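Asks: Quick one, what's the 3D model for this:
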Amino acid sequence: MIFQKLANKEAYLAVIGLGYVGLPIALSFAKKIKVVGFDIKPERVGMMKKGVDPSKELEKIDFEDADIEFTSDPADLKKVNFFIITVPTPIDIHNQPDLKPLFSASHTVGKALKKGDYVVYESTVYPGCTEEECIPILEKESGLTFNKDFKAGYSPERINPGDKQHTLAQITKVVSGSDAEACDEIANLYSLVVEAGIHKASSIKVAEAAKIIENTQRDLNIALMNELSIICDKMGLNTFEVLEAAGTKWNFLKFYPGLVGGHCIGVDPYYLTYKAKELGYNPAVILSGRNINDSMGGVIAKKLMQLLVKEGKDISHSKVLVMGATFKENVSDIRNSKVIDVIRELQLFNVKVDIIDPLASTVDFELEYGIKLSPSIEGNYDAIVLAVSHKEYLGLSADYFYSISNKNPIFIDIKGVYRNKIKNMAYWSL
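Replies: Okay, the predicted model is just below:
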């Protein structure tokens, strides 16, 4: 049995893709069994060999006592018997699933696959993708027969970047297998590193669907809050005050308005809508929520321009400071950051925008969006947009914001963290 061989350190496990999801999984398993950590980027591999997490989520101590070999050479996968694929599954400019990284990883693993091996996918996909798209690649590259020569499974990742409480060990792990034996073996393996318990899904498709609806549910609830914030603004109400009052009811769900980006909530619903449309169904509610959330950068920028005019400022000669550029607070990940929507909308009206972020890579941000982060705060801003509430921004005073501002300044507080604290500036939040 593959689990027993791994537990006895008689076989290797490989994690393919060492980003926010893959590296924590690889290091967790490496405290128990022998692991090969594979990533296609040699520079990232070089950093991990030195005990440095390129994503800035893990500390050097997390690399200690780990039986792991980092590599970017596919030849090193030949000795592996259990593969976990954790590569990104983004969307393209048309909001369609981009499965190129997943297919590439499948080709790589297929070339190393042997009789008796297992392959588990953790990358977010639409239901059916593992068996209908990925397994055929594994069969073609290996020359082996699925469920006869090798087995597979799907286990949705639940890594939450920036969250030190809900870690891999503390979140119930959903697992599935291509047959009952595979499901048991995969469940036993994950039980080595997951303390919260294992949930066995009845099929791979069920596990795939579970992952998508987890984030689709959150996306729709946030969309409702964003729509509420637009309505509240038209009524002259502060949304956070309304939610605070409504939240006193025992069964009120506590969601809040905001920019919805990143590689999960802002992406996963499109995998579900893609599959639904393929089956001839138009998922109107899900797409409506997506449209609302994708529009919020423009809503914020439009409101700022209205306030600039109200304060007697010339929009084309205004100077705005945007604080925060990552997709969420306290992470360095800039992928699918919706802050860029605010920035680009302002730039369309010739507003001068300075962007700062204590965590984002200046090089990566420019490569991704073609815009440079500012090295420092210049001052004399007509408006300040607190776009991402990093912990570095939470202890600043109203006087500080005023000191770097021009006459009649405006403070846009997207998450409402400075509500009732800004007195000497025009204040607005979602």
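Asks: For the residue nearest in space to the middle of the chain, what are phi and psi?
Replies: With distances taken as CA atoms, centre = their mean, His263 lies nearest the centre of the chain, 3.4 Å away. The phi and psi torsions at His263 (degrees, to the nearest 10) take the values phi -110, psi 10.
Asks: ranges for the strands of this protein?
Replies: Secondary structure of the chain by DSSP state E: the strands cover 12-16, 34-38, 68-71, 80-85, 118-121, 151-154, 173-177, 198-200, 319-323, 352-356, 381-386, 405-413, 426-428.
Asks: Dump those into JSON lines; add mean pLDDT as well.
Replies: Below are those laid out as JSON lines (pLDDT from 0 to 100):
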{"stretch": "strand 12-16", "mean pLDDT": "98"}
{"stretch": "strand 34-38", "mean pLDDT": "97"}
{"stretch": "strand 68-71", "mean pLDDT": "97"}
{"stretch": "strand 80-85", "mean pLDDT": "98"}
{"stretch": "strand 118-121", "mean pLDDT": "98"}
{"stretch": "strand 151-154", "mean pLDDT": "98"}
{"stretch": "strand 173-177", "mean pLDDT": "97"}
{"stretch": "strand 198-200", "mean pLDDT": "97"}
{"stretch": "strand 319-323", "mean pLDDT": "98"}
{"stretch": "strand 352-356", "mean pLDDT": "97"}
{"stretch": "strand 381-386", "mean pLDDT": "98"}
{"stretch": "strand 405-413", "mean pLDDT": "96"}
{"stretch": "strand 426-428", "mean pLDDT": "96"}
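Asks: Reformat those strands into JSON lines and put mean neighbour count and distance to Glu133 next to each item.
Replies: Just so you know, the C-beta spots here come from the backbone N, C-alpha and C atoms, and that holds for glycine as well. Putting these into JSON lines (neighbours: other CB atoms under 10 Å; distance: least, CB to CB, whole Å) gives the following:
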{"stretch": "strand 12-16", "mean neighbour count": "27", "distance to Glu133": "16"}
{"stretch": "strand 34-38", "mean neighbour count": "24", "distance to Glu133": "21"}
{"stretch": "strand 68-71", "mean neighbour count": "19", "distance to Glu133": "26"}
{"stretch": "strand 80-85", "mean neighbour count": "25", "distance to Glu133": "12"}
{"stretch": "strand 118-121", "mean neighbour count": "28", "distance to Glu133": "10"}
{"stretch": "strand 151-154", "mean neighbour count": "26", "distance to Glu133": "12"}
{"stretch": "strand 173-177", "mean neighbour count": "24", "distance to Glu133": "16"}
{"stretch": "strand 198-200", "mean neighbour count": "16", "distance to Glu133": "23"}
{"stretch": "strand 319-323", "mean neighbour count": "23", "distance to Glu133": "39"}
{"stretch": "strand 352-356", "mean neighbour count": "19", "distance to Glu133": "38"}
{"stretch": "strand 381-386", "mean neighbour count": "25", "distance to Glu133": "41"}
{"stretch": "strand 405-413", "mean neighbour count": "20", "distance to Glu133": "43"}
{"stretch": "strand 426-428", "mean neighbour count": "18", "distance to Glu133": "46"}
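Asks: Those into a markdown table, with extra columns for distance to Lys277?
Replies: Formatted as a markdown table, the strands of the chain follow (distance: least, CB to CB, whole Å):
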| stretch | distance to Lys277 |
| --- | --- |
| strand 12-16 | 29 |
| strand 34-38 | 34 |
| strand 68-71 | 40 |
| strand 80-85 | 26 |
| strand 118-121 | 23 |
| strand 151-154 | 22 |
| strand 173-177 | 25 |
| strand 198-200 | 29 |
| strand 319-323 | 35 |
| strand 352-356 | 36 |
| strand 381-386 | 35 |
| strand 405-413 | 36 |
| strand 426-428 | 37 |
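Asks: neighbours around the residue lying closest to Ala301 once chain neighbours are set aside, how many?
Replies: Spatial nearest neighbour of Ala301, excluding adjacent residues (CB to CB, 6 or more residues apart in numbering): Glu345 at 3.5 Å. A count of nearby residues for Glu345, using other CB atoms under 10 Å, gives 19.
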